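In: Show me how the following folds:
(4 chains)
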Protein chains: 2
Amino acid sequence: MEGDAVPKTGRPTSKDVAHAAGVSQSTVSIVLAGKAAGRISDATAQAVRQAADRLGYRPNLAARSLRLGQTRTVLLVVPTLSSLFFGAIYTGAARAAAEHGFGVVVYPWPDVSGPARSPFAAAHEAIDGILASSMAVGVLDGLDPLPRVMLDSDPRGEAPTVNFDVAEGMRAVAAHLAALGHRRIGHLAAAVDAWTFRERAGVLSAAVRGRPGAGLVREFTEIEIGAAREAAGRLLDRPDRPTALVCDDDLVAAGACKAARALGLDVPGDVSVTGFDDMLLAKAVEPELTTVRLPAEELGARGMAALLELLDGRRPASVSLPGELVVRASTAAPRRP
Amino acid sequence: MEGDAVPKTGRPTSKDVAHAAGVSQSTVSIVLAGKAAGRISDATAQAVRQAADRLGYRPNLAARSLRLGQTRTVLLVVPTLSSLFFGAIYTGAARAAAEHGFGVVVYPWPDVSGPARSPFAAAHEAIDGILASSMAVGVLDGLDPLPRVMLDSDPRGEAPTVNFDVAEGMRAVAAHLAALGHRRIGHLAAAVDAWTFRERAGVLSAAVRGRPGAGLVREFTEIEIGAAREAAGRLLDRPDRPTALVCDDDLVAAGACKAARALGLDVPGDVSVTGFDDMLLAKAVEPELTTVRLPAEELGARGMAALLELLDGRRPASVSLPGELVVRASTAAPRRP
DNA sequence: CTGAAAGCGCTTACAG
DNA sequence: CTGAAAGCGCTTACAG
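Out: The predicted structure follows:
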């Protein structure tokens, strides 16, 4: 505690630790990197660790990055953070990254209300790889050739993908409704040009087309409560009113329920409604929503694992996570099938 | 386009640009930092910028950070990202930061489902300052003495704060309910040890105490739909059932509505319910919630502005953002006042 | 108006 | 088993 060289400028450096422990900077570096085994005597290693502790030493990451040519940080690009869904993806990704000593920087882009510049003009562009989720087609084209894994995206692209099996989820919705006896189906489709929504529309169309006597009408809507309500109203106003409304998102389903109620229609008595995602909202509204559970946190974690493999020089397999149908109170047999 | 020295290892450096433009590295640095005025001839500056463009040069941030001793990155610590509220704070903070060339790294902490380690053990700890929101008391104690601004936190701490005026918001709720004729008030209080909730409880107690003939009962609940529903059930089961339920969060209010419905009680006919936050949920449920609008995105932006001031050596003033009462359909006069 | 040099703090061959 | 040295890419005095 006596004559330790107190570093002049705030934080102690490895040089300070070396001085305090009476060894060289190289020794400090080797010990603190956990590479002492068979190279540094136990006594010396002990001394280094104690000195580091005492001084409160933490390595300067900028220097390490510069030397190593890598930052141990990856960028997560999501369309917005105004959705629990992407918050969950981040949480999963950050957890998986932390297990490997990596950090995650999120960038909502392109986000109307978010940062205006591209992720790569931002100050924190010191990055080893990119995880991008649910991007509209072409949004990421022509950008950095950094190692990249795509989440919830068209698997036919060049980058490895980690997806939900939305096709299976949508088929389960169609089968559930068919079993209940619904024949006139309305689809409240998200007006978002992304793989997942095209996939859902295609599967639902095919499923209904495959059933004799069944018909499908479709309206597009922003994923927003007011817009969803209006779109649902248009569907519900039709002379051949659908007995079931399949929605691309729980929020859209909430809007659909509001539209039904405004027309004096009971859910699920007069019209059944299904959602997609199974985030918090599905159980907050009344009736609670029949929906497809998409494990967003796991998607983030698996995506990060794949990216870490990629950074490690391996080629990760593309994976598809099952989406599970959760039947709650918003679906029932139609009154007059 | 002819004999440009193609950099060996991927990315071009300022040295490559210097060589391509036929100048020194210093000149490149000065020009690209925008400090050429009166120091470098226009022709030279032109040549540098063209060479940089052509090579696709982008400065290595690790090297810049090392040299400058600062990273132009700040850390945003929030309790969780499983809440739209904190997503909005991030969005606002990131926007304000980007305007000044700063990046923001979010860290949900302590978050059960999030990264396990403290923000300062994480890989991305290369940071100039900290913005922390809605932390439980003492959570940030004993950490880095980095410049810090607290959001939605006790203003009596050492760090500058940027807050909502929750006291005023809660007073508006109490006045609204009083004007409607409610006398028996139930408070569904968040079981979270944070400044904002203690403030709300204190203000509501005082407001009710100040009205002759009025009474207050309080139950604590996690901010979670199932827990809120149970807590609301306990309040609604009392012989002197409250005619109005004041909730610390819209999600809690949604749970309260469910509890009422389960008991055959109409909202707002038999019991009025108010929320707090006015995030998406408030308009997704039925009836739509009377609530206090808390401008979370603005909180993030103002907080970042304050932190940037602090990093600039100035001492920002603490600010308090008004929370506005939004009257919707979940409150009405009690049937038997 | 421009260049040569130092140095930020780290890690990793290379000597010994 | 340990140390001296080089070098990652940048910015900023300092010369000229």
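In: Does the residue most central in space within chain A fall in a helix, a strand, or a coil region?
Out: Centroid-nearest residue in chain A: residue A:89, 3.0 Å away (criterion: Cα atoms, centre = their mean). Assigned with DSSP: H, G, I helix; E, B strand; the rest coil, residue A:89 falls in the helix class.
In: secondary structure element for the closest residue to it other than its chain neighbours?
Out: Nearest in space to residue A:89, with sequence neighbours left out and distances taken as Cβ to Cβ, 6 or more residues apart in numbering or on different chains, is residue A:300 at 3.8 Å. Bear in mind the C-beta positions are built from the backbone N, C-alpha and C, glycine included. Taking DSSP states H and E as the criterion, the element that holds residue A:300 is helix A:296-311.
In: In CSV, please show the C-alpha coordinates belonging to that helix.
Out: C-alpha atoms of helix A:296-311 as CSV (Å, rounded to 0.1, in the frame of the first residue of the first chain):
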residue,chain,number,x,y,z
ALA,A,296,-38.2,-14.5,-29.9
GLU,A,297,-35.6,-14.7,-27.2
GLU,A,298,-34.5,-18.1,-28.4
LEU,A,299,-34.3,-16.8,-31.9
GLY,A,300,-31.9,-14.1,-30.7
ALA,A,301,-29.8,-16.6,-28.8
ARG,A,302,-29.6,-19.1,-31.6
GLY,A,303,-28.8,-16.4,-34.1
MET,A,304,-26.0,-15.2,-31.9
ALA,A,305,-24.7,-18.7,-31.5
ALA,A,306,-24.7,-19.1,-35.3
LEU,A,307,-22.9,-15.7,-35.8
LEU,A,308,-20.3,-16.7,-33.2
GLU,A,309,-19.7,-19.9,-35.1
LEU,A,310,-19.3,-17.9,-38.3
LEU,A,311,-16.7,-15.6,-36.6
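In: Does anything pack onto the helix or strand just after it? Which helices or strands?
Out: Toward the C-terminus, helix A:296-311 is succeeded by strand A:319-322 as the next helix or strand (DSSP H and E). For strand A:319-322, the elements it packs on are strand A:161-165, helix A:296-311, judged by 3 or more Cβ pairs under 8 Å, 6 or more residues apart in numbering or on different chains; DSSP states H and E.
In: and the stretch 1-150 of chain A, which residues reach DNA strand D?
Out: Within the stretch 1-150 of chain A, the residues that sit near DNA strand D (Cβ under 7 Å from any atom of the strand) are A:22-27, A:38-41, A:43-45, A:63, A:66-67, A:69.
In: let's see 6 Å
Out: Proximity of the stretch 1-150 of chain A to DNA strand D (Cβ under 6 Å from any atom of the strand) is limited to residues A:23-27, A:38-41, A:44, A:66-67.
In: Export those residues as CSV, with columns for pLDDT.
Out: Listed next are those as CSV, based on pLDDT from 0 to 100:
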residue, pLDDT
A:23, 92
A:24, 90
A:25, 91
A:26, 90
A:27, 92
A:38, 81
A:39, 85
A:40, 88
A:41, 89
A:44, 90
A:66, 90
A:67, 91
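In: before we move on, which element is residue A:132 in?
Out: Counting by DSSP H and E, residue A:132 is part of strand A:129-133.
In: Report the buried residues of the strand or helix carrying residue A:95.
Out: Following DSSP H and E, one finds residue A:95 within helix A:84-98. Neighbour counts using 16 or more other Cβ atoms under 10 Å in any protein chain shown place A:84-98 of helix A:84-98 among the buried residues.
In: Same check on stretch A:62-76?
Out: A:62-66, A:71-76.
In: same check, this time on stretch A:322-336
Out: Across stretch A:322-336, burial judged by 16+ other Cβ under 10 Å covers A:323, A:325-326, A:328, A:330-332, A:334.
In: What of stretch A:150-166?
Out: Buried residues in stretch A:150-166, counted by 16+ other Cβ under 10 Å: A:150-154, A:159-166.
In: can you give me the end-to-end distance of it?
Out: One end of stretch A:150-166 sits 15 Å from the other (Cα to Cα, to the nearest Å).
In: Do any residues in the strand or helix carrying residue A:16 lie close to DNA strand C?
Out: Element membership for residue A:16 (DSSP H and E) is helix A:14-21. Yes - with Cβ under 6 Å from any atom of the strand as the criterion, DNA strand C is reached by helix A:14-21 at A:14-15.
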